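K.L.:
dropping the sequence and predicted coords here.
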Amino acid sequence: MSKNQDRTSHYRENSLTLGGTVMLGTGVMIGAGIFALTGQMAQMTGALFPLAFLAAAVIVSFSAYSYIKISNAYPSAGGIGMYLHKAYGNRLPTAFNALLMYFSMVIAQSFLARTFGSYTMQLFGGDDSGYMVPLLGVLLILAAFLINLSGNQFIQGTASFIGVLKIGGILIFGLVGVWVADGIAVNFSNSNEAGNSIGNFFGATALGILAFKGFTTITNSGSEVKDPHRNVGRAIIISIAACVVIYTLVGFAVAGNLSLSEIIKTQDYSLAAAARPALGEYGVWFTVAIAMLATAGGILASIFAVSRMLAMLTEMKLVPHSHFGMPGSIQKHTLVYTVVLGLILTAFFDLSRIAALGIVFYLVMDIAIHWGVLRYLREDIKAKAWVPAIAIILDLLALGGFVWVKLNTDSFVIAVAVVAMIAIAITEQIFLKRTS
């Protein structure tokens, strides 16, 4: 291999439209969130779970302010990595929090793949062997990898086509589900069947944030969006607004057609279960088809955005990188690394537990973004101080509630999260010291 081979990333300016960027954002957001988290949120906070979705939307709305203000000032393919660098410079906080976001997104990507497998197997009566769900997830990631090798235009076209189908399908599911349920009334008296404390509610809200956090991937398209100083922020606002409407509608449709115990029992495929009493077997087939489209679109968009963020961190010399003898640009290498890590997680790990790591990692990183705006960037990007300040408080409430719930039910997950963050911090500190 030639020493002069071009390793630099090739970002095509103006190759993504506002509509295509919105589809990529909603592609990540409307995936495992609504299809797999609904049951987990119901298990955590009972019949209040539709309200937890709304609470998550409020928190994400405050959080989005910081991302929009920074993206308007500094659009970049590095997205969050570049935002952190603007705030903290070439230092440990930048590398540490950017890697937390990277691992959070890869975990979410594998969660999407597993959800794809769980819903698909409902067409065949479930997965008694336990092998088909991870196998289908692995095949989906490999297909998304091949599409990502095909270039931005093909990715945008595929994501847009899938996005239109799944958003239309989910809206039909929600509207018909609410209509068949004869209203959107939720029996709050059943909340005692699960946790009914304020801590449980904030914990479920943290899960709900996982269903919205895909909006941050839009920031990774900053170098390729037309008129990025305006359209990145617009795409974030439109994507969040669309998801608020869809999640709320679907949440009430599920609550109106299944009892709380049924939602919890079918938490990996609760939307398909809710379709059966409302729409019969044809409804189940329809819902599974929409779930397959949604998760496939989510994987496609997630790999696109996350691999670009890692490429930017590599070019900024904030993370270690090896070519491992591969030809091509760093961007292609990080695409391979992202896919391989996602394949390993999907094939060998119980993602219902490690998804909790993704939530903790994301909220810690999110707080760092808001603190960076308050401490270092507020005047440069003309941001109001009170918005990121409230965002930090709300993030702390959600994170505190989630950690409290997990300490009482699965403390091992929190211990792993703490150890993983310490390991990332030590590794990055050593790397930055050697390269400085």
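P.N.:
Nice, I can see it.
K.L.:
distance of Ala311 relative to Tyr131?
P.N.:
Computed as C-beta to C-beta, to the nearest Å, the Ala311 to Tyr131 distance reads 34 Å. Bear in mind the C-beta positions are built from the backbone N, C-alpha and C, glycine included.
K.L.:
for Leu123, grab the count of nearby residues.
P.N.:
For Leu123, the count of nearby residues is 13 (other C-beta atoms under 10 Å).
K.L.:
which other helices and strands does the strand or helix carrying Leu407 contact?
P.N.:
Using DSSP states H and E, Leu407 sits within helix 386-409. On a contact count with 3 or more C-beta pairs under 8 Å, 6 or more residues apart in numbering; DSSP states H and E, helix 386-409 meets helix 49-73, helix 198-210, helix 351-372, helix 411-435.
K.L.:
most tightly surrounded among the ones you listed?
P.N.:
helix 198-210 (a mean of 26; mean count of other C-beta atoms under 10 Å).
K.L.:
can you list contacts of that one?
P.N.:
Residues outside helix 198-210 that contact it (C-beta atoms under 8 Å, 6 or more residues apart in numbering): 33, 37, 40-41, 44-46, 48-49, 51-53, 55-57, 59-60, 108, 194-195, 247, 355, 358-359, 362-363, 397-402, 404-406.
K.L.:
swap in 6 Å and give it another go.
P.N.:
By C-beta atoms under 6 Å, 6 or more residues apart in numbering, the residues outside helix 198-210 that reach it are 37, 40-41, 44-45, 49, 52-53, 55-56, 359, 397-398, 401-402, 404-405.
K.L.:
from Ala389, how far out is the nearest residue to Val387 once chain neighbours are set aside?
P.N.:
Distances taken as C-beta to C-beta, 6 or more residues apart in numbering place Tyr65 nearest to Val387, at 4.5 Å, with adjacent residues excluded. From Tyr65 across to Ala389, the span is 11 Å (C-beta to C-beta).
K.L.:
cool, Met365 as well?
P.N.:
Counting by C-beta to C-beta - Met365 and Ala389 are separated by 17 Å.
K.L.:
likewise Ala52?
P.N.:
23 Å.
K.L.:
also Met309?
P.N.:
Distance from Met309 to Ala389, by C-beta to C-beta: 26 Å.
K.L.:
and Ser302, by the same measure?
P.N.:
From Ser302 over to Ala389 (counting by C-beta to C-beta), the distance is 30 Å.
K.L.:
looking at those two, which is more packed in?
P.N.:
Between Ser302 and Ala389, counting by other C-beta under 10 Å, Ser302 is the more crowded of the two (28 against 15).
K.L.:
in space, what's closest to that one - neighbours in sequence excluded?
P.N.:
Gln109 is the one closest to Ser302 (C-beta to C-beta, 6+ apart), at 4.5 Å.
K.L.:
kindly confirm my reading that the one you found forms part of a strand.
P.N.:
No. With DSSP: H, G, I helix; E, B strand; the rest coil as the criterion, Gln109 is located in helix rather than a strand.
K.L.:
isn't it up against Ala301?
P.N.:
No. Look at Gln109 against Ala301 with C-beta atoms under 6 Å: they stay out of range, at 9.7 Å.
K.L.:
more neighbours: those two, which one.
P.N.:
Taking neighbours as other C-beta under 10 Å, Gln109 and Ala301 compare with Ala301 leading, 32 against 29.
K.L.:
compute the inter-axis angle for the helix holding Leu407 and helix 49-73.
P.N.:
Helix 386-409 and helix 49-73 are oriented at 140 degrees to each other (axes from the mean of the first three to the mean of the last three C-alpha atoms, to 10 degrees).
K.L.:
average model confidence for helix 386-409?
P.N.:
Here helix 386-409 scores 94 as its mean pLDDT.
K.L.:
who's in contact with that helix?
P.N.:
Outside helix 386-409, the residues touching it (C-beta under 6 Å, 6+ apart) are 59, 62-63, 65-66, 199-200, 202-203, 205-206, 363, 366-367, 370, 373-374, 413-414.
K.L.:
and if you look at stretch 121-138?
P.N.:
So stretch 121-138 is in contact with 113-114, 116-118, 120, 269, 272, 288, 343, 346-347, going by C-beta under 6 Å, 6+ apart.
K.L.:
same check, this time on stretch 167-185
P.N.:
246, 249-250, 252-253, 256-257, 278, 287, 290.
K.L.:
what does stretch 350-361 give?
P.N.:
Residues contacting stretch 350-361 (C-beta under 6 Å, 6+ apart): 100, 103-104, 107-108, 110-111, 114, 206, 210, 413, 417.
K.L.:
got the contact list for Ile238?
P.N.:
Counting by C-beta under 6 Å, 6+ apart, Ile238 has contacts Val22.
K.L.:
can I assume it sits in a helix?
P.N.:
Yes. Ile238: assigned to a helix according to three-state DSSP.
K.L.:
picking that back up, I'd like the contacts of stretch 350-361 as CSV, with distance to Ala143 appended.
P.N.:
Shown next, in CSV, are the contacts of stretch 350-361 (distance: C-beta to C-beta, whole Å):
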residue, distance to Ala143
Leu100, 28
Phe103, 23
Ser104, 23
Ile107, 20
Ala108, 18
Ser110, 15
Phe111, 17
Arg114, 15
Ala206, 31
Leu210, 24
Val413, 30
Ala417, 31
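K.L.:
show me which pair in those residues is furthest apart.
P.N.:
Of all pairs drawn from the contacts of stretch 350-361, the one with the longest distance (C-beta to C-beta) is Leu100 and Arg114, at 21.3 Å.
K.L.:
thinking again about what came up before, and the contacts of stretch 167-185, which of them are buried?
P.N.:
246, 249-250, 252-253, 256-257, 278, 287, 290 (16 or more other C-beta atoms under 10 Å).
K.L.:
among the residues you listed, which are located in helices?
P.N.:
Applying DSSP state H to the buried ones among the contacts of stretch 167-185, the entries found in helices are 246, 249-250, 252-253, 256-257, 278, 287, 290.
K.L.:
quick one: secondary structure of Lys317?
P.N.:
From three-state DSSP, the assignment for Lys317 is coil.
K.L.:
can you report phi and psi for the residue nearest to Ser436 when sequence neighbours are not counted?
P.N.:
Once flanking residues are discounted, Ser436 sits nearest to Asn90: 7.9 Å by C-beta to C-beta, 6+ apart. Phi and psi for Asn90, reported as degrees, to the nearest 10, are phi -80, psi 60.
K.L.:
what's the burial count for Asn90?
P.N.:
There are 13 residues near Asn90, going by other C-beta under 10 Å.
K.L.:
for the stretch 201-350 of the chain, which residues score under the pLDDT cut-off?
P.N.:
For the stretch 201-350 of the chain, the stretches with pLDDT under 70 are 220-223, 278.
K.L.:
quick one: the helix or strand containing Ile170 to chain centroid distance?
P.N.:
Here Ile170 sits within helix 152-180, counting by DSSP H and E. Counting by C-alpha atoms, centre = their mean, to the nearest Å, helix 152-180 is centred 17 Å from the centre of its parent chain.
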